[in-house]
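>>> have a look; sequence and predicted model below, questions after that.
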Amino acid sequence: MPHQTPARLASPALPMQAMNVTNGKPKDIVVFSGGSAANSLVDVFKTVAENNKSSLSYVIPISDNGGSSSELIRVFGGPGIGDVRSRLVRLIPDDEANTDTEKGAIKAFFNYRLPNDAEKARLEWLDIVEARHALWQHISTPKKELIRSFLNLINLEIVKKVRPSSVFNFSSASIGNLFLTGARLFSGSFESAIYLLSSICQVPQNVSVLPAINTNFSHHISAGLANGTSIMGQNAISHPSIPTALPDVSVNGVSETEEHDSIEDANLPGSLPTLRKQYISFTKSEEEDLPARIERVWYINPFGQEIRPPANPKVIDALHSSQSIIYSIGSLYTSIIPSLILRGVGEAIASTSIKHKILILNSTVDRETGPSSTPFTALDFVAAIARACAESRGSFGTVPTSEYRTYVTHLVHLEGPDTPQVNKAEFSSLGIETIRLYGRKGEDGKGLRYDEKALNQALEATIGKGNVRADKSRRNTLDG
């Protein structure tokens, strides 16, 4: 099927990030990540950027169609904004993180989720909109009224969308997601909405949060498995689901598509039902194995056809002005690769001006990097990244191992019972440096987590001021 490429959206011109150059060489850092997992490493990335006097750009995917974002997408369309909101709020300076200060109160406000019960959630939402909720304490009147204006706008839009066949479900809704959607609808620009929330959260000026695609429309992904089946939609890929085939399922002579077409929402008639369902409630703790390994991820239009959208131009600009890129921890196929397969990204990453291309390896495998009988090795992670970048450049199929170093130059990893296997000699033969860290146990006493100090030292030794030998005397937490 021929690739279909949507037209690039026009957006208001905002000041471009100035290129950070020293001695004619770019010094900026670009981090590819999703939301929650990489949030634990934000302070590490901040320290590394500050020590190297670098700007820091986070590239965040917008294909998530699960959780409360699924209801916003169903009713209003637009990108999956949960990971963008999560990162912006996480970047609020931690020196005033307690809720008795305005910054702490704003962090708590935008991170707040309404109750699971839909009716209780709706009533609590009205208390928030009407400024009667305790969340407003410690937020100054000017900021409170500015925030409320966009919450009132999204509330009005929700009321206008109510139909007998379609009522907005406030269950577990994120207040930050509702605000960001209200700002996007008001301005007509996702980029402007991000700028507004960044300003309110006082995100440092040297840090940018960039959606992988700058768009006012929904973009979904599909995964192809080794057994030939496909799964449509990010939530279905990440969480237990039966592989979705394209043919419609009929019940009593009525197809699923026809049933969904009777509901007034933001989806085009004939859109795949799996892209239109509410995925408000799902479990993250119980992950069933996929029936086969994921081999490839691609973008699809609402009817399931493959498309090849271009990356946000600001992402390409950030890559061209960077000396180092980091593939952070997180879901490989739904947090990292959706940003890499976009047109323009692979070519920019392959540039020789980017000296360090660092993969921080997950401390364990998950549903996307299984099944448990044949878990991904570290080399499998690198191969998936290389293939995604090659596909961004229009090259489909297996990537020769000799080209892996074009996209990954360094591998940072932990070593433990459940960590992906790392063959150091194999990586050495490919010209990829491996750096082993000693981790710490998770809060539940299970698994390993990256120690911030050790990871900071490893990144400093790689990205930093060049004198790696001098650093080794104090790097007792890592094995280079």
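Thanks, I have the structure now. Numbering: from 1, shown residues only.
>>> what's the pLDDT at Pro273?
You'll see Pro273 listed with a pLDDT of 81.
>>> then Ala390?
pLDDT for Ala390: 98.
>>> can I assume it sits in a strand?
No: using DSSP: H, G, I helix; E, B strand; the rest coil, the assignment for Ala390 is helix, not a strand.
>>> now it. Nearest residue, chain neighbours left out?
Val399 (5.0 Å; CB to CB, 6 or more residues apart in numbering). Placement of C-beta: from N, CA and C, glycine included.
>>> and for that neighbour, the neighbour number?
Number of residues near Val399 (other CB atoms under 10 Å) recorded here: 21.
>>> please tell me I have it right and it contacts Arg387.
Yes: counting by CB atoms under 8 Å, Val399 touches Arg387, with 5.2 Å between them.
>>> show me what contacts Gly397?
Contact analysis of Gly397 by CB atoms under 8 Å, 6 or more residues apart in numbering lists nothing.
>>> what helix or strand is it located in?
Under the criterion DSSP states H and E, no helix or strand holds Gly397.
>>> just to revisit the earlier point, can you classify the residue nearest to Ala390 as helix, strand or coil?
coil.
>>> identify the residues contacting it.
Applying CB under 8 Å, 6+ apart, the residues near Val399 are 383, 386-387, 390.
>>> got the phi/psi numbers for it?
In terms of degrees, to the nearest 10, the main-chain angles of Val399 are phi -100, psi 130.
>>> now it: how far from Ile435?
In this view, Val399 and Ile435 are 23 Å apart by CB to CB, to the nearest Å.
>>> name the helix or strand of this protein that has the lowest mean pLDDT.
Lowest by mean pLDDT, DSSP states H and E among the helices and strands of the chain is helix 468-472, with a mean of 36.
>>> out of the contacts of Val399, which is nearest to Ala311?
Ala390 (15.1 Å; CB to CB).
>>> what residues are up against the closest one?
346, 396, 399, 403.
>>> how close does it sit to Tyr407?
Applying CB to CB to Ala390 and Tyr407 gives a distance of 8 Å.
>>> overlap of the contact sets of the two?
Gly346.
>>> ranges for the helices of the stretch 201-350 of the chain?
234-238, 256-261, 313-320, 337-340, 345-349 (DSSP state H, counting those that start in this stretch).
>>> now distance to Cys201 and mean pLDDT too, for those, in CSV please.
Output for the helices of the stretch 201-350 of the chain, formatted as CSV (distance: least, CB to CB, whole Å; pLDDT from 0 to 100):
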stretch, distance to Cys201, mean pLDDT
helix 234-238, 25, 90
helix 256-261, 36, 65
helix 313-320, 19, 97
helix 337-340, 22, 98
helix 345-349, 26, 98
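>>> which among those is found nearest to Ala118?
helix 234-238 (19.1 Å).
>>> then the closest one to PDB, C-alphas only?
Presented in PDB, the C-alpha positions along helix 234-238 are these (Å, rounded to 0.1, in the frame of the first residue of the first chain):
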ATOM      1  CA  GLN A 234      -0.800   2.400  21.300                       C
ATOM      2  CA  ASN A 235      -2.900   1.400  24.300                       C
ATOM      3  CA  ALA A 236      -3.600  -2.000  22.700                       C
ATOM      4  CA  ILE A 237       0.100  -2.500  22.000                       C
ATOM      5  CA  SER A 238       1.200  -1.600  25.600                       C
END
